[in-house]
Structures are given as structure tokens and as C-alpha cells.
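S.K.: Make a model of this:
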Amino acid sequence: MATNPIPQFPAGFLWGVSTSAHQIEGAADEREPSVWDAFTAGPGRVKDGSTAAVACDHYHRYREDVALLAGLGVDAYRFSVSWPRVGSPGGLDFYDRLVDELCATGVRPVATLFHWDLPVTLDWRKRDTAFRFAEYVSVVAGRLGDRVAKWITLNEPAEHTLLGHALGVHAPGRRLMFDALPVAHHQLLAHGLAVRALRAAGAGDIGIANSHGPTWPASQKPEDVEAADFYDILLNRLFAEPLILGRYPEGVGELMPGGAEDVESDLKVIAEPVDWYGINYYAPTNVGAPEGGETEFGGITMPAELPFSVREIEGRPVTDFGWPVVPEALTELLTGFRERYGDRLPPIVITENGCSYEGLDDQDRIAYLDGHIRALHRALEAGVDVRGYFVWSLLDNFEWAEGYTRRFGLVHVDYDTLQRTPKASYGWLRDVLRAQR
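M.R.: I've put the predicted structure just below:
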């Protein structure tokens, strides 16, 4: 592990950590159900058969967790607001208390308005859900807008579309394959409507958290390059270009619901200007032509009928999740975005970056974060306008379909006692942030 100091970042650079409501809050009986409650109730859908009914019990222990944030020395805390909780009596009171506690300790609240926990009564296949989302956003902004420092409309609509609606391995568990594209469009429309709702409420500093990573062709054979280009459109450009350029990649717009005129009208909403663009980065993806059968990637079975296959990146260490550790690909991603989108690209914030490893003396996590923070600094040196970096995650938590089998936290959580224990990486990051002051 490198021991030389992390390079100095510009004054005002925002350092933070991230979580999401469904993964940490618990108190499921004190809110309306979400699609994830329905999904995890089904047999065999979560690796260890668990649910997020209790999770880390952050709902009742938030003061303890805010004290951990203060001890870590972060500038900001990215949490998510649970739409089902806001729809329940007294639900917004919890976020009032959380935001007040953060402000009292000098940690800036950064609120994500949708992190996959859709109310069970709603459906992203339906266009009306985008408008219902904007109504919910208006309610939250009216209550918290005087104190929230930054707003994030959606978290990772690409994964929510692909895993939840195309492949069926996440909630709501639909296996629609390419018929899931309307879900992508309606989430992007919801984003644009939410930006308008936030502006109308007087809120500023608005962005989104899209997941991105470089796509590497498995070889220079035409069939591998073509498959990698298709994957890049599906996971990167489909969710970036409507926001940044106001258009879908060529050939995609006509696949979206409604006629060409309707899609064009929606794109004007989707492209509402944002103040910054959030990127969740974990790893690049090695993509080739279909191999004629199912393949495994990150614990997910990829169907044989997909027009691409995801291949292993050889010669790289992997996390406990099996994801390759490639810090320099973060530099590649950011410089590639700047080259692709030029002056149209808003300032960037890395809204998630982290890794799954076991143990309290988590030297592998320290090495991972060290490498990625340095890679981020190299992107800054190359002229990319990056304004902040958020580690995923503050706490070990419910890792979706993996249940409690993966630990991404800087703080260990004993799921029997709910005791929090800072890991070695917590102390390392605390020292890094002190040196940045």
C-alpha cells in the first residue's frame, strides 16, 4: 500500500460519504412498503434470505451515525429520502431531524430523492409515475429545502432499469429484456420534472447520480468492438446524453414510448440544466460478442440472448464482490467524458466509489480508496472539472440481492447487536481529510 501523502485537492473540493435509505434505515413497519419489500419477500431472491426490515436501524440510531460522520471529518453526507416513508404519517419528520442533526455538526446534507425504493403501488413502466415523482419531490423540497446543500434526483437509473426490469434480479423483479426501455425513459423524464420542481421550490445545486465506467472491447475483432459499442450505449450514453446533449444516441429515441414528437418534447424536459453531474464509478467492463450461452458477471447471470457478453478483466485484483480493481480507469472515464461532451459537460461530482471487503483491518479497502483518489487527482490535473468525491459507504448495510453478505462500509455493523465499529479505513480516510484542510 502506498504511504506517500495523497495529493492536495483544490480549496472547496467536497469530501463526503454516501448511504441509501432502504439499505440502512430499517423501521420498515413505520413506512409504506416499497418494491424492495415485495421483492425480498419472495423465496430465493436474496442471497442469504434476508430483508431490510431492520438493516442498520439508522432510523432510530441516526444520531450515533451522524457522530461517526463528524468524527470522520467529511464535509457532506449523501443520504437518500425514502419515497414510501414520506408517504407515511410523520415520515418527513425523520428527515427533518436528520438534516437538523447534520447541520448542527457542520456536515452538509446531500439528499438523493430516489434510490430504487419505489412505493409498491407505483410502476416505472407507466408514464404517470414520473409526474407522481415530481409531486413527491415538491413535498420534500418544501420541507427540507432551506437546509439541504445539494440535491440528487435519481440514483443509477441504468442499474434500476437493467437489473430490476430487464434481467429481474433486483426489485421489482421483471424480466422484460429490451422491453424495459420505457422504464429508462420514464426515469429520465422524472429527473427533468424533478429538476423543475426543485427550481420552483427555490432549491439549487441540483444533479443526478448516474453510474458509468469505461467499456473495453475484449479484442479488436469487429464483432467484439461492435458488442462493446452497444454495451457502452446501453449503460453509459443512454443515460448521459439525454441530460447533457438533449438527445438519445442514434437509433435509441425511436425505441422509446410515444411517437417521435412525444419523445422530442420529453427530451426538452429531461435536458433541464443541472448544476453538476454525478458519477458513480466502480470498475470498467470488458465486453465481447455473445458466447452462445449464459455468462456470470458480478454475481449476475447474463442471458444468452443478449447481443454482448461480459468478460473477466485478467491480471487485476478483485474485491470480495469479484469486481476488478482498476483505479486508472476512473481517470480514463473522466477524461473520456470531457473529450466526448466538451463544454456541454457540467462540473462532475463522484457520488459513489467504494469496494466490498471483509474485516476490521481492511487494508485492501485502504489501497482501493488510495488508488482511486489519486486517479481522481490525475483527472483534475488533466483539466477535468471535478468538484467532489463521496465514498460508498459509511456503514456496512443491506446490499440488495446480496443481502448482508457484502460489506462496503468504513464502519463495521454487527447485524445481531447493531454495534458500530470503525474500521482501519475509517481512520485512514479521517487522516487523509485532515491533511486536506
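S.K.: Would you enumerate the residues in contact with Pro242?
M.R.: Listed by C-beta atoms under 8 Å, 6 or more residues apart in numbering, the contact partners of Pro242 are Leu188, Tyr248, Leu267, Ile270, Ala271. (Each C-beta comes from the backbone N, C-alpha and C, glycine too.)
S.K.: since we're on the closest residue to Tyr62 other than its chain neighbours, how many residues are nearby?
M.R.: Spatial nearest neighbour of Tyr62, chain neighbours left out: Leu98 (5.2 Å); criterion: C-beta to C-beta, 6 or more residues apart in numbering. Leu98: 23 surrounding residues under other C-beta atoms under 10 Å.
S.K.: which outside residues touch stretch 303-310?
M.R.: Outside stretch 303-310, the residues touching it (C-beta under 8 Å, 6+ apart) are 167, 177, 227-228, 230-231, 285-295, 297, 302.
S.K.: Paired strands for the lowest-mean-pLDDT helix or strand in the chain, with orientation please.
M.R.: One helix or strand of the chain scores below all others by mean pLDDT, DSSP states H and E: strand 295-297, with a mean of 76. Using DSSP bridges, the strands paired with strand 295-297 are strand 300-302 (antiparallel).
S.K.: What mean pLDDT does the strand it pairs with get?
M.R.: Strand 300-302 comes out with an average pLDDT of 84.
S.K.: Just checking the distance from it to the centre of its chain.
M.R.: 20 Å (C-alpha atoms, centre = their mean, to the nearest Å).
S.K.: With stretch 28-45 instead?
M.R.: With C-alpha atoms, centre = their mean, you get 20 Å for stretch 28-45.
S.K.: Following element in sequence after the particular helix or strand that has Glu261 in it, please.
M.R.: Per DSSP states H and E: Glu261 is located in helix 260-270. Using DSSP H and E, the next helix or strand after helix 260-270 towards the C-terminus is strand 277-280.
S.K.: Each with direction, which strands does that next one pair with?
M.R.: strand 206-211 (parallel), strand 348-352 (parallel).
S.K.: give me every residue that touches the closest residue to Phe178 other than its chain neighbours.
M.R.: Using C-beta to C-beta, 6+ apart and skipping residues adjacent in sequence, the residue nearest Phe178 is Ala166, 7.2 Å away. Listed by C-beta under 8 Å, 6+ apart, the contact partners of Ala166 are Arg174, Arg175, Leu176, Met177, Phe178, Ala180.
S.K.: please redo it, this time with the cut-off set to 10 Å
M.R.: 174-181, 183-184, 234, 303, 306 (C-beta atoms under 10 Å, 6 or more residues apart in numbering).
S.K.: Report the separation between the residue nearest to Tyr62 and Val74.
M.R.: Leu98 sits 15 Å away from Val74, going by C-beta to C-beta, to the nearest Å.
S.K.: What about the contacts of Ala166, which are in helices?
M.R.: Leu181, Val183, Ala184 (DSSP state H).
S.K.: Of those residues, which is the nearest to Arg420?
M.R.: Val183 (35.8 Å; C-beta to C-beta).
S.K.: burial count for Gly16?
M.R.: 25.
S.K.: What strand or helix carries it?
M.R.: With DSSP H and E as the test, Gly16 turns up in strand 14-18.
S.K.: Report all helices and strands that that strand contacts.
M.R.: Applying 3 or more C-beta pairs under 10 Å, 6 or more residues apart in numbering; DSSP states H and E, one finds that strand 14-18 contacts helix 58-72, strand 76-80, strand 108-112, strand 150-155, strand 348-352, strand 386-392, helix 424-436.
S.K.: residue contacts, the residue lying closest to Ala67 once chain neighbours are set aside?
M.R.: Nearest residue to Ala67, sequence neighbours excluded (C-beta to C-beta, 6+ apart): Thr105, at 7.5 Å. With contact taken as C-beta under 10 Å, 6+ apart, Thr105 is in contact with Arg63, Val66, Ala67, Leu69, Ala70, Gly71, Tyr77.
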